[in-house]
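In: Provide a 3D model corresponding to the input given below.
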Amino acid sequence: RIWPDQSIYNEVTVFVIEGRVDRAHFERAFQAAIDRTDLLRAVIEEVDGRPRLRLRDRYLYSPKYIDLSSEAEQDRALERFVRVNAGKIFDLSRAWFDTTLIKLSESRYAWYLLLHHVFADAASMEMLYRRVANLYARSQEGALETVGEFPRFVEYAAYAQQHQQSPSFAEAQAYWTRKTAMPIDSVDFYGIAYDPRLGRKEQERIRHDFGIERSTRIRRLARQAGVRLLSDDLSEFSILAAVLFAFLHRLSGNDRIAIGVPWQNRPARFADTLGLLMEQDPFEVSIGEGETFQTLIRKVHGEALEVMRHLPYSAGNPNGRVYSVTLNYLKVSLGDFAGMSVRPLWFNSGAGEGSMALNVHDLEGSGSLVGEFDFNCDVFTPGNRRRAVRHFERLLDACLEDLSRELGDVEILDDDEQKIFDDWNDTRRDYPLHATLHQLFEEQADRTPEAIAVVFEGRQLSYAEMDPKANRLAHRLRALDVGPDVLVGVCMRRC
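Out: Residues are numbered from 1 along each chain as shown. Here you go, the predicted structure:
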């Protein structure tokens with residue numbers, strides 16, 4: 001309802017399957033997943049002006065099927081298909097997902113999966129993939145009916161309602177209410193700040209592979225004393241968060257910065273429950289004088305522990321005033337599809353909230369971390385989107401090289417950018433050394449009398465207007481016995 005004509009909550013994944021996928025078995029597997037997963041049968045209906053979740057007893061659904069095998073370039077055709085369909089506007093009173101089986105060749109298929117984020121998170125995407133893959137294999141074996149019902153979302157909903165009456169929830173609510181009541185200065189990105197009142201949410205995603213070597217160094221650093229925190233995943237997140245904070249600080253000069261961070265909050269008993277069981281909450285640090293990567297990582301550790309102590313709770317981002325940048329570190333492992341290798345591709349729907357989102361993952365399981373940078377097109381020009389990726393990576397490399405290095409000492413400009421900066425600041429000009437300053441001014445007034453000489457608080461004077469005023473002031477000073485080498489005090493209003 002907030003953005004009815006924009007696809008900001010669409011989550012798009014394509015699984016490229018190296019093998020032949022039988023259409024009939026796929027359709028049976030997907031229907032079986034719907035039959036055994038209550039939330040896949042859910043719709044949102046409006047009752048007395050308020051949304052209400054309803055679970056249908058039965059929902060018959062047939063995945064779409066298209067054949068792109070005759071296309072000269074199947075991968076490009078697949079990408080065009082995704083771009084056209086990823087922006088679909090859902091009618092949540094009918095369904096919150098869409099899926100298509102796509103034939104790329106006789107031995108290569110793609111499964112297109114579109115989920116609405118109100119119902120599902122990344123863990124849910126992984127869950128649904130694994131369920132359909134398992135059910136597909138069972139269908140091939142003729143054993144589909146042996147698979148029972150999956151954990152029910154309604155049981156989690158009842159648990160969540162009960163939790164909201166607990167003392168721990170009240171404590172978390174008080175904590176997050178205090179935290180989100182303090183607005184934080186917006187971050188300027190190359191001179192442009194995000195305005196949450198903007199109606200346009202168009203985004204461009206830039207995919208950047210950090211590479212095996214750099215990814216290995218991140219994991220190695222995460223295991224070092226002073227960097228490791230509770231788990232490898234949380235330690236790796238801490239490094240990435242520290243670099244992102246350093247990046248935002250260097251671009252804006254802001255010392256107090258907050259980002260949005262999604263947290264998976266699936267209690268053990270609901271580990272296999274499909275649904276949106278995550279919260280996105282503000283994550284804040286203050287950057288001091290002489291801050292190093294090491295000290296910043298420690299601050300990230302402290303904030304992480306404090307945030308986790310007050311979860312689960314969905315603090316949100318009231319009126320978009322707390323943060324406009326998010327960091328999503330996904331730990332998703334998909335595995336094969338009924339014995340066939342899979343390459344997952346994660347797409348942006350073309351719309352999203354905030355100024356920038358950084359999604360880091362290794363969906364392919366290659367060992368190389370990938371950064372999916374989502375840039376708001378009103379905040380970042382095309383050139384600045386690519387520049388931001390380079391600047392982030394230079395800070396990341398500096399962190400991996402030397403944790404004791406101060407943030408302000410890192411040169412984030414490359415050689416070409418530095419040359420532009422130097423040329424722009426090269427304002428040195430030759431001028432006649434035989435003349436005094438007031439003589440140079442008089443010569444300029446003779447050459448360009450109508451040119452603007454000075455501007456102040458909406459008023460301006462040309463050289464022709466200013467020259468007689470300067471002469472009157474000079475005569476007044478001479479009348480007061482002011483001559484060469486005599487100091488004259490100037491009284492000015494303090495700004």
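
In: how close does the residue most central in space within the chain sit to residue 393?
Out: The centroid of the chain falls nearest to residue 357 when counting by C-alpha atoms, centre = their mean (0.6 Å). Per C-beta to C-beta, to the nearest Å, residue 357 is found 17 Å from residue 393. Any C-beta I mention is one placed from the backbone N, CA and C, and that applies to glycine too.

In: what does residue 344 give?
Out: Counting by C-beta to C-beta, the gap between residue 344 and residue 393 amounts to 23 Å.

In: Skipping adjacent residues, who's closest to residue 278 in space?
Out: Spatial nearest neighbour of residue 278, excluding adjacent residues (C-beta to C-beta, 6 or more residues apart in numbering): residue 121 at 4.5 Å.

In: List the buried residues in stretch 18-31.
Out: 21, 25-31 (16 or more other C-beta atoms under 10 Å).

In: Then stretch 79-94?
Out: Going by neighbour count (16+ other C-beta under 10 Å), the buried part of stretch 79-94 is 81-82, 85-87, 90, 92.

In: Then stretch 484-493?
Out: Neighbour counts over stretch 484-493 (16+ other C-beta under 10 Å) mark no residue as buried.

In: Over to stretch 446-454?
Out: For stretch 446-454, burial by neighbour count (16+ other C-beta under 10 Å) applies to residue 453.

In: contacting residues for residue 272?
Out: By C-beta atoms under 8 Å, 6 or more residues apart in numbering, the contact set of residue 272 is 127, 150-151.

In: In three-state terms, label residue 453 for me.
Out: strand (DSSP: H, G, I helix; E, B strand; the rest coil).

In: Please apply the same query to residue 335.
Out: Taking three-state DSSP as the rule, one finds residue 335 in the coil state.

In: how much space between the nearest residue in space to it that is not next to it in sequence and residue 224?
Out: In this structure, residue 335 finds its nearest non-sequential neighbour in residue 130, 6.9 Å apart by C-beta to C-beta, 6+ apart. Counting by C-beta to C-beta, the separation of residue 130 from residue 224 is 34 Å.

In: Most neighbours of all the contacts of residue 272, which one?
Out: residue 127 (22 neighbours; other C-beta atoms under 10 Å).

In: Test my guess that that residue contacts residue 277.
Out: No - with contact defined as C-beta atoms under 8 Å, residue 127 and residue 277 do not form a contacting pair (10.4 Å).

In: before we move on, the earlier item: work out for me the element the residue nearest to residue 335 sits within.
Out: helix 122-141 (DSSP states H and E).

In: on contacts alone, who are the packing partners of that helix?
Out: Contacts defined by 3 or more C-beta pairs under 8 Å, 6 or more residues apart in numbering; DSSP states H and E place helix 122-141 against strand 10-17, helix 23-36, strand 108-116.

In: These: which one's closest to residue 352?
Out: The closest of the helices and strands packed on helix 122-141 to residue 352 is strand 10-17. By C-beta to C-beta, the value is 9.2 Å.

In: now the closest one against strand 108-116, angle please.
Out: 160 degrees (axes from the mean of the first three to the mean of the last three C-alpha atoms, to 10 degrees).

In: neighbouring strands for strand 10-17, and are they parallel or not?
Out: Strand pairing for strand 10-17, determined by DSSP bridges: strand 108-116 (antiparallel), strand 342-347 (antiparallel).

In: looking at the sheet around residue 97, what are its partners?
Out: residue 115.

In: give me every residue that touches it.
Out: Residue 97 sits next to 40, 113-116, 119-120 when contact means C-beta under 8 Å, 6+ apart.

In: Equivalent analysis for residue 144, please.
Out: Per C-beta under 8 Å, 6+ apart, neighbours of residue 144: 28-29, 32, 135, 138.

In: before we move on, back to that, could you dump the buried residues of stretch 18-31 into TSV with distance to residue 253 and pLDDT added?
Out: Formatted as TSV, the buried residues of stretch 18-31 follow (distance: C-beta to C-beta, whole Å; pLDDT from 0 to 100):
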residue	distance to residue 253	pLDDT
21	53	97
25	58	98
26	53	98
27	56	98
28	58	97
29	54	97
30	51	98
31	56	98
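
In: Residues contacting stretch 442-454, please?
Out: Contacts for stretch 442-454 (C-beta under 8 Å, 6+ apart): 435, 460-467.

In: Report the distance from that stretch to the chain centre.
Out: 51 Å (C-alpha atoms, centre = their mean, to the nearest Å).

In: Kindly report the same for stretch 389-404.
Out: Distance, stretch centre to chain centre, for stretch 389-404: 18 Å (C-alpha atoms, centre = their mean).

In: Please identify the helix or strand for residue 184.
Out: Under DSSP H and E, no helix or strand contains residue 184.

In: I should have written residue 392 there, sorry.
Out: Taking DSSP H and E as the definition, residue 392 sits inside helix 382-401.

In: Contacts for that helix, please.
Out: Against helix 382-401 from outside (C-beta under 8 Å, 6+ apart): 189-190, 204, 206, 208, 210, 214, 217-218, 221, 239-240, 242-244, 246-247, 250-251, 293, 356, 358, 371, 373, 375, 380, 405, 407, 410-414, 417.

In: coming back round to it: measure how buried the residue nearest to residue 278 is and give me the count.
Out: The burial count for residue 121: 22, using other C-beta under 10 Å.

In: Surely it and residue 262 touch.
Out: Yes - counting by C-beta under 8 Å, residue 121 touches residue 262, with 7.4 Å between them.

In: Overlap in contacts, these two.
Out: Joint contacts of residue 121 and residue 262 (C-beta under 8 Å, 6+ apart) are residue 278.

In: how about the strands in the stretch 351-495 of the chain?
Out: Assigned by DSSP state E, counting those that start in this stretch, the stretch 351-495 of the chain shows strands spanning 356-361, 370-376, 452-456, 459-462.

In: between those strands, which gets nearest to residue 16?
Out: Closest approach to residue 16 among those (C-beta to C-beta): strand 370-376, 15.2 Å.

In: between that closest one and strand 342-347, how big is the angle?
Out: Relative orientation of strand 370-376 versus strand 342-347 (the same axes, to 10 degrees): 20 degrees.
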